[in-house]
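Undergrad: Return a 3D structure for these sequence lines:
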Amino acid sequence: MSVPALPAGRGAATAVAPAVETADLEEVEVVEGELVDDEELLPSPGAPDKPVVDQHTILYPGQSMPRAKDGPRYRRLDYEVSPETARRLEEESAPVNTDRNYRNQRKLFREWCEAMGRVHRPCTTATYVEYCAHLIAREMAPNTISTYLSAVRTWMPDDKKPGTTLARAMLREYRKSWSKRNRVKKAPAITAAMTRAMVDTCDLRHPIGIRDRFVLLVGRKALNRRSELSQLTIEDLTVEDGGVAQWVAYSKNDQEAVGEETWVPADASEAKYDPVEATRDWLNILHRLGIESGPVLRALTVAGTLQSRAAVKQKSREAAKLSVDAVTGESINDWIRGRAFAANLPNWQDITSHGMRRGGAQEIADAGGDPTKQGRWKAGSATVKREYLDRAQSRSENPWHKVAEKQRAAEQ
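TA: Have a look, this model is predicted:
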């Protein structure tokens, strides 16, 4: 509902209501107004008494049409938030990577619109389509473009979102040509044999070796994302004889931070490769270092002591956004890649922590299981079906297996 401008009067101070650009709130059209002594924005006496309706208006039988003069009188208080709320809105901690990305993508869209002389919010369908064409011209990956467009569209008021039909059609055609020219290079899957070889490089007499062994064994069995590992706390782990209960407080598919428990079963084959023993050993090291709570994974010096956080923060912008003791996902990648190099694994330079998740999920699928819940994917995940289940089925049903069976039968 529009609030007409208030003419200057005695005791009034001119002010402009702040623009609401960074949240999907109920749409309120605010024009330049004035704050009077009682801090109320009053409707202008000279404003036409026109009906105020839209496609969402519902009138009961006999009810009069709503008029502009009947609109609410807003005060400054209706637009302000408390210092604590402002801090929460501006805070960019590790668990809000998606929100942070959306803010950045929306900022880029706003800057593009300003450069093109277009209105950025709410934008028109033509602007939305033109922006899609602009991203395509930059030869960005189709999935990245889709994410940018989603960030823009969800930013718009509910009743003024741009149409998506033309943009989707354009992106669909671009995806075909892009796929021919580009093949996404995925991090190599870390198999069980590779994991053991990497654990064998860990000096279990040194805190760094004990830490890296914990990451390799527990991270792979829990199918952890690197962000989940960096956010994991001591309080999130419960060690039992039969396994380790890991509470994943926040994940990519759990934006509301409902949380979910993941069970990592013990491996009775050999204590060296048992995730339960690995967890106990690492928690014992943390206890000896005086760490009783907070992040499980810590940066260590060559001597095995806690690394200065000031030094760590200078290495990465990502580190500066984490809690004072947490390590970054890039640090975890470095640990894993270092172990792959030490184990003399082929293509060690391409190995990342994501390979633990891929390798563990594929092993489950190859054994006839479904890694969806263990890896905290959404139920019915197309990624799990395409990347793991279908791949496992295709390999198990490969026609060459029939040839081998026939050859074995002939030799008997």
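Undergrad: In terms of secondary structure, what does the host helix or strand of Arg280 contact?
TA: Per DSSP states H and E: Arg280 is located in helix 275-288. With contacts taken as 3 or more Cβ pairs under 8 Å, 6 or more residues apart in numbering; DSSP states H and E, helix 275-288 sits against helix 207-221, strand 237-240, strand 243-248, strand 260-265. Just so you know, the C-beta spots here come from the backbone N, C-alpha and C atoms, and that holds for glycine as well.
Undergrad: Can you list the buried residues in the shortest one?
TA: By that I understand strand 237-240. Within strand 237-240, the residues scored as buried using 16 or more other Cβ atoms under 10 Å are Leu237.
Undergrad: Give me the distance from it to the chain's centre.
TA: Chain-centre distance of strand 237-240: 26 Å, with Cα atoms, centre = their mean, to the nearest Å.
Undergrad: Quickly run through the sheet partners of that strand, with directions.
TA: Paired strands of strand 237-240, with direction, are strand 243-248 (antiparallel) (DSSP bridges).
Undergrad: Can you pull out the residues in contact with the helix holding Arg280?
TA: Residues outside helix 275-288 that contact it (Cβ atoms under 8 Å, 6 or more residues apart in numbering) are 204, 207, 210-211, 213-214, 216-218, 221, 234, 237, 239-244, 264-267, 271, 292, 296, 298.
Undergrad: and stretch 371-385, C-alpha only, in PDB?
TA: Taking Å, rounded to 0.1, in the frame of the first residue of the first chain, the C-alpha atoms of stretch 371-385 are listed here in PDB:
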ATOM      1  CA  PRO A 371      24.200 -43.700   0.500                       C
ATOM      2  CA  THR A 372      21.500 -41.000   0.500                       C
ATOM      3  CA  LYS A 373      20.800 -40.800   4.300                       C
ATOM      4  CA  GLN A 374      24.400 -41.500   5.300                       C
ATOM      5  CA  GLY A 375      25.600 -38.600   3.100                       C
ATOM      6  CA  ARG A 376      22.700 -36.300   4.100                       C
ATOM      7  CA  TRP A 377      21.400 -35.900   0.500                       C
ATOM      8  CA  LYS A 378      17.700 -35.100   0.000                       C
ATOM      9  CA  ALA A 379      15.500 -38.100  -0.300                       C
ATOM     10  CA  GLY A 380      15.300 -39.200  -3.900                       C
ATOM     11  CA  SER A 381      18.400 -37.200  -4.800                       C
ATOM     12  CA  ALA A 382      19.000 -37.100  -8.500                       C
ATOM     13  CA  THR A 383      22.800 -36.700  -7.800                       C
ATOM     14  CA  VAL A 384      22.900 -40.000  -5.800                       C
ATOM     15  CA  LYS A 385      21.000 -41.800  -8.500                       C
END
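Undergrad: Give me the distance from that stretch to the chain's centre.
TA: 16 Å.
Undergrad: Just the mean pLDDT for stretch 193-204, thanks.
TA: Mean per-residue pLDDT for stretch 193-204: 97.
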